[in-house]
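Chemist: Got a predicted structure here, sequence first:
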Amino acid sequence: MSPTEPLTLVVNGRPVTPLASPTTRLLDYLRTELGLTGTKEGCGAGECGACTVLLDGRPVNACLVLLGSVAGRTVTTIEGLSDGAGGLHPVQQAFVDAGAVQCGFCTPGAVLTAAAFVDAGNDYSAAAARAALSGNLCRCTGYAKILQAVERAVAGRREAP
Ligand code: FES
Ligand code: FES
């Protein structure tokens, strides 16, 4: 991006040109300018994963990413994960089916991280799923049901036509 070019990126499939300064945290831009409040702020320091979004399909902590660094890139928030026709992403459905949601504060970030893991074609093992989700802290579920949800989603992917 040249200094005179407007900063643009794609959020949930839609090209956007932010009004916010390039030094704005991606987290604040998403929540404040776009109203995408599914992305949560916990620690604000890259420790909890509540602010996880997908950047070009990979999980990042939006509290650590400056808007200016994502020019031309693709961001997916929890609001953009469903199929666009009101249907849940298979990982969202698996979280519901496994009962992997309690207070829900960690859930958007955990779902996005899990979706990246599943959509990347990874096989399920508890160790691999734990490693993938190690940056997403949950204070309610004890993680067992979150891991069950990932296992269900991987199994569902295998059975998909
Ligand atoms: S709010 Fe970003 S990692 Fe905790
Ligand atoms: S469900 Fe409450 S922090 Fe995870």
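Modeler: Here it is on my side, so go on. Ligands and ions are numbered 1, 2, ... in the order given.
Chemist: In terms of secondary structure, what does the helix or strand of the chain with the lowest mean pLDDT contact?
Modeler: The helix or strand of the chain with the poorest confidence is helix 144-159; it has a mean of 93 (mean pLDDT, DSSP states H and E). Judged by 3 or more Cβ pairs under 8 Å, 6 or more residues apart in numbering; DSSP states H and E, the packing partners of helix 144-159 are helix 90-98, helix 107-119, helix 126-132. From N, CA and C alone the C-beta is placed, and that goes for glycine too.
Chemist: From start to finish, how long is stretch 51-68 in a straight line?
Modeler: Terminal residues of stretch 51-68 lie 18 Å apart, using Cα to Cα, to the nearest Å.
Chemist: Then stretch 120-128?
Modeler: Using Cα to Cα, the end-to-end distance of stretch 120-128 comes out at 13 Å.
Chemist: outside of that stretch, which residues touch it?
Modeler: For stretch 120-128, the external contacting residues (Cβ atoms under 8 Å, 6 or more residues apart in numbering) are F117, A132, L147, V150, E151, V154, A155, R157.
Chemist: Correct me if wrong: the fifth one contacts V118.
Modeler: No - applying Cβ atoms under 8 Å as the test, E151 and V118 come out as separate, 9.9 Å apart.
Chemist: Tell me which of the two has more neighbours.
Modeler: Neighbours were counted for E151 and for V118 using other Cβ atoms under 10 Å; V118 has more, 24 against 17.
Chemist: so who does the more buried one touch?
Modeler: Contact analysis of V118 by Cβ under 8 Å, 6+ apart lists P90, V91, V150, A153, V154, R157.
Chemist: low-confidence ranges in the chain?
Modeler: Scanning the chain for pLDDT under 70 picks out 1-4, 83-84, 161.
Chemist: near ligand 2, which residues of it show up?
Modeler: V101, Q102, C103, G104, F105, C106, T107, C138, R139, C140, T141 (Cβ under 6 Å from any ligand atom).
Chemist: Which members of the residues you listed occur in helices, if any?
Modeler: Mapping these onto helices (DSSP state H) picks out T107.
Chemist: Which two among the residues of the chain next to ligand 2 are spaced furthest apart?
Modeler: Maximum pairwise distance among the residues of the chain next to ligand 2 (Cβ to Cβ): 12.7 Å, between V101 and R139.
Chemist: How about the residues of the chain by ligand 1?
Modeler: Proximity of the chain to ligand 1, by Cβ under 6 Å from any ligand atom, involves residues E41, G42, C43, G44, G46, E47, C48, G49, A50, C51, N61, C63.
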